[in-house]
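**Q** Using only what follows, build the 3D model:
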Amino acid sequence: MSQLRQPYLHSRILIVDDNLANIALLEAILEDAGYDRVESESDPRQVLPRHQRQAFDLILLDIRMPYLDGYGVMQLLQQHQGEEDYLPVLVLTAQNDNETRLKALEYGARDFVTKPFEPYEVLLRIHNQLEVRALYRERQRQNTRLEELVVERTGQLLERKRRLAYMASHDPVTALPNRTAFIDHLDTLLTTPDCPPYRLFLLSLEGHRRLDALEGYDFGERILRELGLRLQDVVELRDGFVAYWGGAEFIVVLPEMVCQQLHWLEDVLCRPLYIRNYELLLIARAGSVRLPEDGNLSATLLRRAALALSFCPTGSRFTCQNYQPKQEAFVAERQSLESELRHALERDELELFYQPKVDLRHGCIVGAEALLRWRHPERGLVPPGQFVSLAEETGMIDAIGLWAIRRAIDDAHAWEIACGQSLNIAVNVSARQLDLARANGRSLAEEVASILQDSRFPATQLELEITESAIMQDVDYALRELQQLRELGVTLAVDDFGTGYSSLAYLQKLTVNTIKIDRAFIHGMSDSPDACAIVRSILALGRELGLTVVAEGIEHQSDLEVLNQLACDIGQGYLFSRPLPRDAFFEHLQQHALRLVET
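**A** Numbering: from 1, shown residues only. Predicted structure coming up:
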């Protein structure tokens with residue numbers, strides 16, 4: 001039996017026969033072949049207990065035995081055999097009839113060994129059944145391993161799915177739910193029957209950008225993590241839900257009952273943060289909406305919270321603005337106005353009104369201030385307060401401001417031709433104009449020089465008015481621009497003097513010719529000793545610095561009399577004339593004797 005493979009020789013084999021001679025013969029055949037774990041049993045009733053104690057790999061079973069025949073033994077074995085077990089039973093029989101063999105096969109026999117025994121046949125049949133059993137068990141092991149792999153892979157996929165779900169619903173920096181998770185939570189609240197009132201806050205943080213740029217992006221992420229943890233602690237304590245919205249914004253929804261006082265929220269957002277030896281004091285703004293009062297859709301509530309946030313006032317470290325329907329109307333109107341303003345220049349809808357400047361000692365007109373107006377074809381005359389700031393925000397003030405200088409010069413040329421006398425003209429310059437010119441790599445002084453060259457208008461007759469706050473935003477840059485304008489011969493005036501920084505240290509460095517006292521000090525000054533004292537001081541300062549002083553907003557005769565007593569140089573206001581359209585101002589000039597006074 002050279003073909004017998006060594007692993008099978010260690011198989012546990014049980015010989016079951018009531019004939020001890022048969023047992024001895026089979027044992028001798030198997031032992032001679034090298035099988036070393038052969039056992040025997042003459043009592044068929046002991047087969048099942050022995051197999052249960054220590055399972056056999058193969059059983060040689062006689063059919064005809066007392067107490068329990070081979071069929072009964074096989075029936076017992078099958079009854080106690082697991083679904084995955086494979087126990088080959090070779091039936092020992094002297095019967096060759098088909099009925100006996102078929103019945104044995106029905107009871108689970110795998111093969112037959114016919115008496116008298118032929119050793120080679122016995123060994124070959126045993127070897128074949130052991131090989132089948134080995135193949136079966138190997139397949140079982142493979143199936144088991146495959147099942148283990150499936151379970152393992154399924155677990156990995158489930159874990160990956162869980163991680164992906166977490167990543168899809170959480171921000172990796174703050175570990176807070178992200179906007180997708182928040183919207184899902186908000187939708188759940190909105191669809192909950194009899195949902196109690198809630199308040200939603202969109203929170204925006206400021207005051208850390210410079211350190212982010214200095215220390216790196218991870219510094220900014222550390223700030224967001226710290227604040228996220230703070231918010232999570234206090235919000236969840238109040239049965240709320242907090243998420244990271246993006247940028248430097250968080251979003252919170254809380255039961256309305258805990259939102260009557262927000263000092264705790266201010267404390268969380270504005271309490272100092274200590275990161276890398278820095279103490280950070282952040283500025284927080286919040287836009288708030290009520291649900292479902294302010295909307296029954298998440299998109300509507302989020303849009304209105306962002307809208308309310310844009311209306312947050314500045315000036316303190318924490319401000320909260322509640323949504324109001326009029327905010328939407330305001331933004332819609334402003335957007336419409338912005339769209340129409342973009343075409344106002346090309347449609348020739350902008351124009352200049354002029355308010356005369358009067359020499360208070362002689363009562364004659366010595367110049368005029370050009371004031372921007374927008375004559376809309378449907379809205380009529382749009383007040384400057386409604387569109388000038390819009391032009392500044394959108395950057396349109398750059399083109400509009402240069403247009404205003406050109407138009408004022410053209411009008412001054414026309415008046416000079418008609419009257420035969422020159423007129424000084426003043427045009428306002430926005431701080432935003434300076435910023436835009438620098439951002440675009442240009443210089444306002446260069447732009448003005450080009451306009452003067454093209455128009456051949458005397459630079460000394462052009463006055464540019466700029467506010468104190470515009471100068472103080474970037475003093476060095478403003479000083480360079482103003483110096484270049486002065487070198488062109490342009491007259492410079494500080495507008496609204498006294499309401500901004502009023503820095504005397506910088507005033508002596510500014511190459512200006514004129515300071516204009518703001519109307520806030522002029523209106524009603526005859527009844528206000530304090531206002532009168534301020535005006536007197538400004539006039540004295542102007543004389544000491546050799547500057548012309550203009551009083552704005554003169555509306556009452558009593559205020560004019562006080563200014564005359566204080567020897568103010570020039571005044572303008574409704575007492576002399578309201579701002580007039582170009583043609584009306586031209587008529588106004590013709591009705592008055594125009595005498596120019598050197599100032």
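**Q** and Arg595, what pLDDT?
**A** You'll see Arg595 listed with a pLDDT of 44.
**Q** do the one 4 residues further on as well
**A** On the pLDDT scale, Thr599 is placed at 39.
**Q** Is the nearest residue to Phe497 once chain neighbours are set aside in a helix, a strand, or coil?
**A** Spatially, and ignoring its direct neighbours in sequence, Phe497 is nearest to Ile515 (4.4 Å; CB to CB, 6 or more residues apart in numbering). All C-beta spots, glycine's among them, are computed from the backbone N, C-alpha and C. Look at Ile515: counting by DSSP: H, G, I helix; E, B strand; the rest coil, its state is strand.
**Q** Against Asp239, how distant is Ile515?
**A** Using CB to CB, to the nearest Å, Ile515 is found at 60 Å from Asp239.
**Q** Looking at those two, which has the bigger crowd around it?
**A** Ile515 (24 against 11; other CB atoms under 10 Å).
**Q** so the more buried one touches Val549, yeah?
**A** Yes - Ile515 lies in contact with Val549 (CB atoms under 8 Å); the separation is 5.7 Å.
**Q** Kindly provide the whole-number mean pLDDT of the helix or strand hosting Ala540.
**A** Applying DSSP states H and E as the criterion places Ala540 in helix 529-545. Helix 529-545 carries an average pLDDT of 89.
**Q** Stretch 200-207 now?
**A** 91.
**Q** Would you mind listing the buried residues in it?
**A** 200-205 (16 or more other CB atoms under 10 Å).
**Q** Contacts for it next, please.
**A** 186, 223, 227, 231, 245, 248-254, 265, 269, 280-291, 301-302, 305-306, 308-309, 312, 320 (CB atoms under 8 Å, 6 or more residues apart in numbering).
**Q** re earlier: I'd like the buried residues of stretch 200-207 laid out as CSV, including distance to Asn440 and secondary structure.
**A** Output for those, formatted as CSV (distance: CB to CB, whole Å; DSSP: H, G, I helix; E, B strand; the rest coil):
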residue, distance to Asn440, secondary structure
Leu200, 40, strand
Phe201, 39, strand
Leu202, 34, strand
Leu203, 35, strand
Ser204, 29, strand
Leu205, 31, strand
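**Q** Could you identify the longest strand within this structure?
**A** strand 365-376 (DSSP state E).
**Q** Can you give me the domain boundaries for this structure?
**A** According to automatic domain parsing, the chain comprises the domains 6-142, 179-323, 333-590.
**Q** Quick check: end-to-end length of stretch 191-206?
**A** Terminal residues of stretch 191-206 lie 34 Å apart, using CA to CA, to the nearest Å.
**Q** lowest-confidence helix or strand of the chain?
**A** helix 504-507 (a mean of 62; mean pLDDT, DSSP states H and E).
**Q** what sits against the residue nearest to Phe497?
**A** Taking CB under 8 Å, 6+ apart, one finds 493-494, 497, 538, 541-542, 547-550 in contact with Ile515.
**Q** Which of these sits closest to Glu131?
**A** Val494 (108.5 Å; CB to CB).
**Q** In the helix or strand harbouring the closest one, which residues are buried?
**A** In this assignment (DSSP H and E), Val494 forms part of strand 491-497. Using 16+ other CB under 10 Å as the test for burial, strand 491-497 gives 491-497.
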